[in-house]
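Q: need a structure here:
(2 chains)
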2 protein chains.
Amino acid sequence: MKKIKLVIAYDGTDFSGFQAQPGQRTIQGTLQETLTRITGEPIEIYGSGRTDAGVHALGQVCHFETTSPIPVDKYPYILRRSLPRDILVLSAEEAASDFHARKSAYWKTYRYQTDRHRIPDLFERRFRTHLPYEVDQPAMQRAADRLVGTHDFTSFCSAKTVIEDRVRTIYRCEVGEDTHGFFIEVTGNGFLYNMVRIIAGTLYEVGRRNLDPEQIPAILEGRDRRLAGPTFPPEGLILLEVGYRPWQDFHRSANVISP
Amino acid sequence: MKKIKLVIAYDGTDFSGFQAQPGQRTIQGTLQETLTRITGEPIEIYGSGRTDAGVHALGQVCHFETTSPIPVDKYPYILRRSLPRDILVLSAEEAASDFHARKSAYWKTYRYQTDRHRIPDLFERRFRTHLPYEVDQPAMQRAADRLVGTHDFTSFCSAKTVIEDRVRTIYRCEVGEDTHGFFIEVTGNGFLYNMVRIIAGTLYEVGRRNLDPEQIPAILEGRDRRLAGPTFPPEGLILLEVGYRPWQDFHRSANVISP
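A: Have a look, this model is predicted:
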């Protein structure tokens, strides 16, 4: 029995999210069916976490176990030929027997990206939320800075969230601008349901000067979903990376390696 | 009765080409149905030319006639709300009564673009042909230079082409490189069936050193489809612009206007 770790990318537009559901086209379901066909044995896929319908990934991680004799380094090649074009396997490697895509993860980085042009870029429409209005980016960054740290994020998760412990640590929250519009990149040790989309909606309200950056601490302390901004649509959201070493170690070694 | 000229963009991936066909999802059919619904009268759309299934446009031009009192400048707004997200109306203007999207066109510019990365960029996969191999771009440009001018392009059109006159003028054919891979931009007074995709396939053969740029004149003179390279797939092809002034005038005034 081998445990195999896959890093995958997907265009979430035409999927009903990551999690397998009967009669729905999902990432997990598609991977399971394809790997079951390839290996000839029932395969169960474990992801680092779910992504919602319409949300994309450039570095989602999942694992599965198999007794198939297929060499691990052949999986990306075989899967690229077998999977639909909106899922792409970036890499495959054998993982330690105690590795678990979700339980072993230390952090995740998401990006929320937008298109500010009056007429949206047609070729980017699947991956950017169209927001053709000016925003105050320095104010957004001041608000983002107030989200960094360990907080109860009840105000920043769907009111439908059943999980009790809403304390999460945000390591980094950066507001930037690319060729199309502003983007937000956020790294944390875990994210609650809709959390990044609510962070994006709240920072946008700051950018539009409907909220002041100084109000962020009170929104966090209020522990009430109604205090934060709207839940932004899924198309602008991308899971960029999942980390399997502590964020601090990751950063320290990254500093040593890069000049 | 007003004549309205539209400039439109589309992601051709999920269309069976431009031309309306019963039971198929097409650009022309979708525009006709939507405009018929909006204006309350049967609308016929005339395009500058067809694009094949899977081919995209960032500046396709079409026209239609209507007695609807809807102000012309409202069409882009109304159509953006009514059309599916893979067709986008960029502009609308009233045209002279003798304007015809196809017959009045002097030139068209197409771009063929590729992705050279070993692992294709998932978000660009609909708009680039994946060709993860080195190419000799200066050789490709030398071959492209030999296509410029007035030639019989029988060798560069589908063997199924029924049209008798295969003489066309290429004003410009440039090989370049962007963040993803090489691209080819070609402007001409008209293009035969599959012509840009065969030009792309032939220039690629030159880039791979399977053909020499000096062979291009003999390929043209041979007037035999089998002499040129393969027909490249549709996904990398984009109709960029259609010109309604002679190319020479266009260039002259462009030179005057730009500093």
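Q: Name the SS class of the closest residue to A:Gly29 other than its chain neighbours, please.
A: Spatially, and ignoring its direct neighbours in sequence, A:Gly29 is nearest to A:Ala20 (4.0 Å; C-beta to C-beta, 6 or more residues apart in numbering or on different chains). From N, CA and C alone the C-beta is placed, and that goes for glycine too. Here A:Ala20 is recorded as coil under DSSP: H, G, I helix; E, B strand; the rest coil.
Q: ok now do A:Ala20, which residues does it touch?
A: Contacts for A:Ala20 (C-beta atoms under 8 Å, 6 or more residues apart in numbering or on different chains) come out as A:Thr26, A:Gln28, A:Gly29, A:Gln32, A:Ile45.
Q: ok, and the most crowded of the residues you listed?
A: A:Ile45 (22 neighbours; other C-beta atoms under 10 Å in any protein chain shown).
Q: coming back round to it: any chance of the contacts of A:Ala20 in a markdown table, plus pLDDT and secondary structure?
A: Formatted as a markdown table, the contacts of A:Ala20 follow (pLDDT from 0 to 100; DSSP: H, G, I helix; E, B strand; the rest coil):
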| residue | pLDDT | secondary structure |
| --- | --- | --- |
| A:Thr26 | 98 | coil |
| A:Gln28 | 98 | helix |
| A:Gly29 | 98 | helix |
| A:Gln32 | 97 | helix |
| A:Ile45 | 98 | coil |
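Q: and the residues you listed as JSON lines, adding distance to B:Ser158?
A: Formatted as JSON lines, the contacts of A:Ala20 follow (distance: C-beta to C-beta, whole Å):
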{"residue": "A:Thr26", "distance to B:Ser158": "40"}
{"residue": "A:Gln28", "distance to B:Ser158": "42"}
{"residue": "A:Gly29", "distance to B:Ser158": "40"}
{"residue": "A:Gln32", "distance to B:Ser158": "42"}
{"residue": "A:Ile45", "distance to B:Ser158": "43"}
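Q: so which of these would you say is closest to A:Ala159?
A: A:Thr26 (24.4 Å; C-beta to C-beta).
Q: Chain B contacts on the stretch 1-150 of chain A?
A: A:9-11, A:56, A:58, A:76, A:85-86, A:88, A:90, A:119-120, A:122-123, A:125-127 (C-beta under 8 Å from any C-beta of the partner chain).
Q: So which of those belong to strands?
A: A:Ala9, A:Tyr10, A:His56, A:Leu58, A:Leu88, A:Leu90 (DSSP state E).
Q: Quick check: the farthest pair among those residues?
A: Longest span within these, C-beta to C-beta: A:His56 and A:Leu90, 13.4 Å.
Q: who's more crowded, these two?
A: A count of neighbours by other C-beta under 10 Å puts A:His56 above the other of A:His56 and A:Leu90, at 26 against 17.
Q: what's near enough to touch the more buried one?
A: Contact partners of A:His56, counting by C-beta under 8 Å, 6+ apart, are A:Ala9, A:Tyr10, A:Asp11, A:Gly12, A:Thr13, A:Arg126, A:Phe127, A:Leu237, A:Ile238, A:Leu239, B:Phe123.
Q: need those residues in CSV with distance to B:Ser155, can you?
A: As requested, the contacts of A:His56 are exported to CSV (distance: C-beta to C-beta, whole Å):
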residue, distance to B:Ser155
A:Ala9, 40
A:Tyr10, 41
A:Asp11, 38
A:Gly12, 44
A:Thr13, 40
A:Arg126, 38
A:Phe127, 39
A:Leu237, 48
A:Ile238, 44
A:Leu239, 48
B:Phe123, 36
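Q: Dump the residues you listed to JSON lines, plus distance to A:Asp52 and pLDDT.
A: Formatted as JSON lines, the contacts of A:His56 follow (distance: C-beta to C-beta, whole Å; pLDDT from 0 to 100):
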{"residue": "A:Ala9", "distance to A:Asp52": "16", "pLDDT": "97"}
{"residue": "A:Tyr10", "distance to A:Asp52": "12", "pLDDT": "98"}
{"residue": "A:Asp11", "distance to A:Asp52": "14", "pLDDT": "97"}
{"residue": "A:Gly12", "distance to A:Asp52": "8", "pLDDT": "97"}
{"residue": "A:Thr13", "distance to A:Asp52": "12", "pLDDT": "96"}
{"residue": "A:Arg126", "distance to A:Asp52": "15", "pLDDT": "95"}
{"residue": "A:Phe127", "distance to A:Asp52": "15", "pLDDT": "97"}
{"residue": "A:Leu237", "distance to A:Asp52": "8", "pLDDT": "98"}
{"residue": "A:Ile238", "distance to A:Asp52": "12", "pLDDT": "98"}
{"residue": "A:Leu239", "distance to A:Asp52": "10", "pLDDT": "98"}
{"residue": "B:Phe123", "distance to A:Asp52": "18", "pLDDT": "94"}
